[in-house]
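Student: okay, here's the prediction I keep looking at, along with the sequence it came from:
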Amino acid sequence: MYKYTHADQAMVDERVEQFRDQTRRFLAGELPEEQYLPLRLQNGLYIQRHAPMLRIAVPYGLMASYQVRKLAEITRKYDRGYGHFTTRTNLQLNWPKLEEVPDILAELASVQMHAIQTSGNCIRNTTTDPYAGINANEVEDPRPYCEIIRQWSTFHPEFAFLPRKFKIAVIGTAEDRAATQVHDIGLHVVKNEEGEVGFEVIVGGGLGRIPVIGKTIREFLPRKHLLSYLDAILRVYNLHGRRDSKSKYKSRIKILVENMGAREFTKLVEKEWETFTKDGELTLTDANIETAKSYFPEFDYEHIDTLASQSELNKHLENKAFADWYSRNTVAHKVAGYRAVVVSLKAGLVNGKYVPAGDVTHEQLDRLADLADEYSFGEIRGTHQQNLVFADVKQTDLYALWEALTEIDLARPNIGTLTDMIVCPGFDLCALANATTFNIAEQIEKHFDDLDYLYDLGDIQLNMSGCVNACAHHHVADIGILGVDKKGEHWYQFSLGGSSKSDTRLGNILGRSVATEEVAPTLQKVLDVYTQQRHVEGDNPEPFSEFVQRVGITPFKEAVYG
């Protein structure tokens, strides 16, 4: 992972002190709210329903164990003892005191972390595949390109005040685990017919009030032109994107591309690129790319006797609880004898109390840091699904790691199941939300508490947002739930058939919204249609996503509404 240079550290330290003075002046009444607002947003600080919220940047989801320990210390010292991982792999603190935020930023800077550009109308944290670098099907590890983008975009003066926020995701495989097609820019590492590495460039995706799937504006961009082409896209957006105060929801690049048309937008980008940025100082040299790659060297993997390793593993697989976890929460690795482990942050009900999706306590963070040092080269990754990953675990260590994760309630074997929900904080915390989400998630957890039933359902992505801003990406879930306000009461609208994978599509709205107490029963009716009508060949039932595409929305409407 990238390590700060002396200049990097000095820049971040200086930014902390600037914000400390700005906050001091604001609290003293010397700096008006309208002037403080953009300053705090550029430092990741929101004002939520009950308290400030600080969003901490985790570039491309990668954290060292010492950084995770610092996050544990910060949540313990300055918050309520827990943090919340988001779909952009960042960590949010929901209860910091405004006057202590500069101290938090100083603590983060001590371990080469910050909250810069995690809010505001700027280029946000670039995200990627949580299995980057370990997937055998990868064209190339996308993380070096994420790092190149991070260095280019951080403190970029021209793009610090865009018409709206701007998000970029990069993947290196045909499988999309970063929802690239619903980003402002999605980049797919590809090879052309000559075997040269470059990018498919997708622009104009996004969810929220007006969900849109991005359009490919270049099938192949040579990698040396990555930054110059991104720069051209941002320049066109900066020039043509709407900025009038009434058009907040029409200011995203997705609206510009939709209104202008992908072809016309592409013409403007190509002209901007050819005229101003192509072959200029932003052109990447082989040395630039090799330097970025040097930040992600391959670990010193052990040569493992795979036969002996598999024999030992088979003995442990006689334990059904471990076997379930191994099947659901571990992933193939390109190196023989290793696997990636997904740590579920969807504990559900622990001692009868619901734990919100993505939440992790300071004790768990400390223990995760220790386990990363012991079993995964001291690194932890965040995922788009609000989980964590140990990317490099020896197969012979899996059982011991499972036991350790079980002790801290982080070994729930539910990855990919209905209860592996993406859930935004909703009305309980967010000032923008229209409806609560935690109570609905708890209702679903209590209703669907049979693990064998969940396994029979197979892979189902359930996402739930508390408002149209769609922070939980409900539009692109197999089953999406949207909270709405009806005269002060919370109601919930269902959508079916979405996907954020390589076959990205928007779900179809099922019908009228249902009352709070009807959410789990309605979900049961939807699932009953699937289990009663799906095709089954041998032991392989038709996946839910394929079933919905085959039968359409009508059978579900009839089951729910009669």
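Tutor: In hand now; what should we look at? Numbering: from 1, shown residues only.

Student: max-length helix in this protein?
Tutor: helix 6-27 (DSSP state H).

Student: so which bits of the helix or strand where Leu371 lies are buried?
Tutor: Element membership for Leu371, per DSSP states H and E: helix 362-375. Of the residues in helix 362-375, 362, 364-369, 371-375 count as buried by neighbour count, 16 or more other Cβ atoms under 10 Å. For the C-beta atoms, the positions are set from N, CA and C on the backbone; glycine is no exception.

Student: could you pull out the buried residues of the longest helix of the chain?
Tutor: Result for helix 6-27 [16+ other Cβ under 10 Å]: buried residues 11-13, 15-16, 19-20, 22-23, 26.

Student: stretch 52-67 now?
Tutor: So, applying 16+ other Cβ under 10 Å, buried residues of stretch 52-67: 52-65, 67.

Student: for the helix holding Leu371, packing partners?
Tutor: helix 65-78, strand 82-85, strand 379-382, strand 388-394, helix 398-407 (3 or more Cβ pairs under 8 Å, 6 or more residues apart in numbering; DSSP states H and E).

Student: can you pull out the residues in contact with the third one?
Tutor: Contact with strand 379-382 is made by 1, 58, 61-65, 68, 85, 89-91, 130, 368-369, 372, 388-392, as judged by Cβ atoms under 8 Å, 6 or more residues apart in numbering.

Student: pull the CA atoms of that strand into CSV?
Tutor: Below are the C-alpha coordinates for strand 379-382, written out as CSV (Å, rounded to 0.1, in the frame of the first residue of the first chain):
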residue,chain,number,x,y,z
GLU,A,379,-3.7,-5.9,5.9
ILE,A,380,-7.5,-5.6,5.9
ARG,A,381,-9.7,-4.6,3.1
GLY,A,382,-13.2,-3.0,3.0
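
Student: sheet-wise, list the partners of it with their directions.
Tutor: With DSSP bridges as the test, strand 379-382 is paired with strand 62-64 (antiparallel), strand 388-394 (antiparallel).

Student: could those go into CSV alongside mean pLDDT and distance to His474?
Tutor: Compiled in CSV, the strands paired with strand 379-382 are given as follows (pLDDT from 0 to 100; distance: least, Cβ to Cβ, whole Å):
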stretch, mean pLDDT, distance to His474
strand 62-64, 98, 27
strand 388-394, 98, 22
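
Student: now the ones you listed in JSON lines, with distance to Met260?
Tutor: Converted to JSON lines, the strands paired with strand 379-382 look like this (distance: least, Cβ to Cβ, whole Å):
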{"stretch": "strand 62-64", "distance to Met260": "36"}
{"stretch": "strand 388-394", "distance to Met260": "39"}
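
Student: tell me where the stretch 251-400 of the chain has strands.
Tutor: 330-332, 338-343, 348-350, 353-355, 359-361, 379-382, 388-394 (DSSP state E, counting those that start in this stretch).

Student: again with the stretch 401-550 of the chain
Tutor: 422-423, 462-465, 479-486, 489-496, 508-509, 514-515, 536-537, 540-541.

Student: so which of the ones you listed is nearest Thr522?
Tutor: Set against Thr522 and scored by Cβ to Cβ, those come closest in strand 514-515, at 5.0 Å.

Student: list of residues touching that closest one?
Tutor: So strand 514-515 is contacted by 489, 491-494, 522, 560 (Cβ under 8 Å, 6+ apart).

Student: which one of the residues you listed is nearest to Ser545?
Tutor: Phe494 (15.5 Å).

Student: pull the most distant pair out of the buried residues of stretch 52-67.
Tutor: Across the buried residues of stretch 52-67, no pair lies farther apart than Pro52 and Ser65, at 27.6 Å, counting by Cβ to Cβ.

Student: re earlier: dump the strands of the stretch 401-550 of the chain to CSV, plus distance to Val203, mean neighbour count and mean pLDDT.
Tutor: Converted to CSV, the strands of the stretch 401-550 of the chain look like this (distance: least, Cβ to Cβ, whole Å; neighbours: other Cβ atoms under 10 Å; pLDDT from 0 to 100):
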stretch, distance to Val203, mean neighbour count, mean pLDDT
strand 422-423, 24, 26, 98
strand 462-465, 23, 26, 98
strand 479-486, 24, 22, 97
strand 489-496, 25, 20, 98
strand 508-509, 25, 16, 98
strand 514-515, 36, 16, 98
strand 536-537, 40, 8, 94
strand 540-541, 38, 13, 95
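
Student: who does Val189 form a beta bridge with?
Tutor: Note on Val189: beta-bridge partners by DSSP bridges are Phe199.

Student: want to throw the helices and strands packed on helix 362-375 into TSV with distance to Gly172?
Tutor: Shown next, in TSV, are the helices and strands packed on helix 362-375 (distance: least, Cβ to Cβ, whole Å):
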stretch	distance to Gly172
helix 65-78	24
strand 82-85	22
strand 379-382	14
strand 388-394	14
helix 398-407	25
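
Student: tell me which of these sits nearest to Thr306.
Tutor: Here strand 388-394 is closest among the helices and strands packed on helix 362-375 (Cβ to Cβ), at 11.1 Å.

Student: buried residues of the closest one, list them for me.
Tutor: Here strand 388-394 shows 388-394 as buried, counting by 16+ other Cβ under 10 Å.
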